[in-house]
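1. have a look at this prediction, sequence included:
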There are 2 protein chains.
Amino acid sequence: MGRRSDHSRAELERMIILEGHRQLAEVGFSRFSAREVAKRIGYSIGTLYNVFGTLDRLILAINTRTFQLWADHLRARLDSADGDRIRTLVEGYFSFARENPNLWMAIYDHRLPPDVTIPPEYEEERAELTEIVTREVAAVLPAAARAHAPRLARSLVATVHGHCIFALNGTFALMGESNPLELALARVRESLMPSEPC
Amino acid sequence: MGRRSDHSRAELERMIILEGHRQLAEVGFSRFSAREVAKRIGYSIGTLYNVFGTLDRLILAINTRTFQLWADHLRARLDSADGDRIRTLVEGYFSFARENPNLWMAIYDHRLPPDVTIPPEYEEERAELTEIVTREVAAVLPAAARAHAPRLARSLVATVHGHCIFALNGTFALMGESNPLELALARVRESLMPSEPC
DNA sequence: TAAAATAATAGACAGTGTTCAATTTTATCG
DNA sequence: CGATAAAATTGAACACTGTCTATTATTTTA
């Protein structure tokens, strides 16, 4: 068979990513099946492999879309934020993860083999998220410390991430912790104003 | 066939866990195979399922062993520590993960289905790690704040964990961060002495 | 219209976790 | 010792998975 009259190649790629995204959100990373995705969009498994070459590259594409939605989520919340933009950021990190647990965890579940490299355009999409945080961190830092904003931002993302993971995977529940978000926010606040004025 | 003369049931269970641990360390979570474990110890796949019932419970047992080794790792380092026990703790967290990346990541790769519950004796083993941290945090905290040690310890574990994950999964490398350990330690220090004396 | 390029298929292969009836070994007891 | 009950072990069968590839169908181009 050849090209179907009603789908260009780019449209097909987009269909696969969207359906894959839907699947991943529904069943989670460990139960994700490329065959099932193919079936649901009415194509055969072979076509899927013709388009993406390998499962890793398909998941890479799907996860990059999750990053985009995540960045959108943060931007939307910042746009309608009251004064406390740092809290908004931390809450946005948590709420996206909580509202899309399977998609969010899949980002970190997917460990790609050493021979597979992530396409540069994907890397840029993913970097957006850190840049959003860096901007807000820089804005809240005293002018003298502003040069350290990028490094501090990276560290704060890691800090919030650690709290968010423990919240979602049950570690905090096991430890008896009931409010991971406030815990994360407290750590971020400490780092953003290291010495209280006396 | 019946009981083999040279292995009691408990010994067999231990054999499976040890060989599974070896396998997991070698090939990582995603390529782990119960069949391969059975083959390597000279038993059939059926026996493995008779002993552990399900793959989830086998991995639970293997990962619990990793927790034990991790706690041992931390205790050994603390026993031969110079004055800076907090640094020792953070370095111990990182070094275990770096020396056993597959085993360490498998702990967090394994998301058990909601119908499977973790055996209480496993939970206790895993709690050891947090208790070690809590003790050290309490020791370094001013007496007035000592009551908050457990909660702060949970939070600091999450903080270090976030940095450690980003170090191992390549996120920090992508961000251009070359020294995740010092970054984590800086965050921990800030939280342990929130207001510098003026 | 003929030839070349592209798109799509589905069967084959080697794996996986899981189940379970059949079989073999061990333990027990008269 | 020998028969029987209990326990342990097996491996084939099942329904999946990702991946590859020869074949077929459709479009595009010459």
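-> Perfect, thanks for sending it. Numbering: from 1, shown residues only, chains lettered A, B, ... in the order given.

2. okay, and the residue nearest the centre of chain A sits in which element?
-> By C-alpha atoms, centre = their mean, the mean C-alpha position of chain A lies nearest to A:Phe67, the distance being 4.0 Å. Per DSSP states H and E, A:Phe67 falls inside helix A:55-79.

3. after that helix, heading C-terminal, what element do we hit next?
-> According to DSSP H and E, the helix or strand after helix A:55-79 is helix A:85-99.

4. hmm, that next one touching chain B?
-> No - against chain B, helix A:85-99 shows no contacts by C-beta under 8 Å from any C-beta of the partner chain, the least distance being 11.2 Å. C-beta: built from backbone N, CA, C; applies to glycine.

5. which residues of chain A lie near chain B?
-> Going by C-beta under 8 Å from any C-beta, the residues of chain A near chain B are A:28, A:30, A:105, A:108-109, A:111, A:123, A:126-127, A:130, A:151, A:154-155, A:157-163, A:165-166, A:169, A:171-172, A:174-175, A:177, A:180, A:183-184, A:186-187, A:190-191, A:194-196, A:198.

6. how near is the nearest residue to A:Pro101 once chain neighbours are set aside to A:Tyr108?
-> Distances taken as C-beta to C-beta, 6 or more residues apart in numbering or on different chains put A:Leu168 closest to A:Pro101, at 5.8 Å, once the chain neighbours are dropped. In this view, A:Leu168 and A:Tyr108 are 10 Å apart by C-beta to C-beta, to the nearest Å.

7. where does chain A dip in pLDDT?
-> A:1-7, A:194-198 (pLDDT under 70).

8. pick out the residue of it closest to chain B.
-> A:Gly162 (2.5 Å; C-beta to the nearest C-beta).

9. run a quick neighbour tally on the residue nearest to that residue when sequence neighbours are not counted.
-> Excluding its sequence neighbours, the residue lying closest to A:Gly162 (C-beta to C-beta, 6+ apart) is B:Gly162, at 2.5 Å. Counted with other C-beta atoms under 10 Å in any protein chain shown, the neighbours of B:Gly162 add up to 28.

10. that older thread, residues in contact with the residue nearest to the residue nearest to the centre of chain A when sequence neighbours are not counted?
-> Once flanking residues are discounted, A:Phe67 sits nearest to A:Arg126: 4.8 Å by C-beta to C-beta, 6+ apart. Counting by C-beta atoms under 8 Å, 6 or more residues apart in numbering or on different chains, A:Arg126 touches A:Thr64, A:Phe67, B:Leu174.

11. any idea which element A:Arg126 lies in?
-> Here A:Arg126 is assigned to helix A:120-140, by DSSP H and E.

12. then that helix to CSV, C-alphas only?
-> Extracted C-alpha coordinates of helix A:120-140, given in CSV (Å, rounded to 0.1, in the frame of the first residue of the first chain):
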residue,chain,number,x,y,z
PRO,A,120,18.5,18.7,19.8
GLU,A,121,15.1,20.2,19.2
TYR,A,122,13.7,18.0,21.9
GLU,A,123,16.4,19.2,24.3
GLU,A,124,15.4,22.8,23.6
GLU,A,125,11.8,22.0,24.4
ARG,A,126,12.8,20.4,27.6
ALA,A,127,15.1,23.3,28.6
GLU,A,128,12.2,25.7,28.5
LEU,A,129,11.0,24.5,31.9
THR,A,130,14.3,25.3,33.6
GLU,A,131,14.4,28.7,32.0
ILE,A,132,11.0,29.6,33.4
VAL,A,133,12.3,28.8,36.8
THR,A,134,15.6,30.6,36.3
ARG,A,135,13.8,33.8,35.3
GLU,A,136,11.7,33.8,38.5
VAL,A,137,14.6,33.0,40.7
ALA,A,138,16.6,35.8,39.2
ALA,A,139,13.8,38.2,39.7
VAL,A,140,13.6,37.4,43.4
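
13. show me which residues of it are buried.
-> Residues of helix A:120-140 classed as buried: A:Tyr122, A:Glu125, A:Arg126, A:Ala127, A:Leu129, A:Thr130, A:Ile132, A:Val133, A:Thr134, A:Glu136, A:Val137, A:Ala138 (neighbour count, 16 or more other C-beta atoms under 10 Å in any protein chain shown).

14. including distance to A:Arg85, could these go into a markdown table?
-> Below are the buried residues of helix A:120-140 laid out as a markdown table (distance: C-beta to C-beta, whole Å):
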| residue | distance to A:Arg85 |
| --- | --- |
| A:Tyr122 | 27 |
| A:Glu125 | 23 |
| A:Arg126 | 22 |
| A:Ala127 | 20 |
| A:Leu129 | 15 |
| A:Thr130 | 16 |
| A:Ile132 | 10 |
| A:Val133 | 11 |
| A:Thr134 | 13 |
| A:Glu136 | 5 |
| A:Val137 | 10 |
| A:Ala138 | 12 |
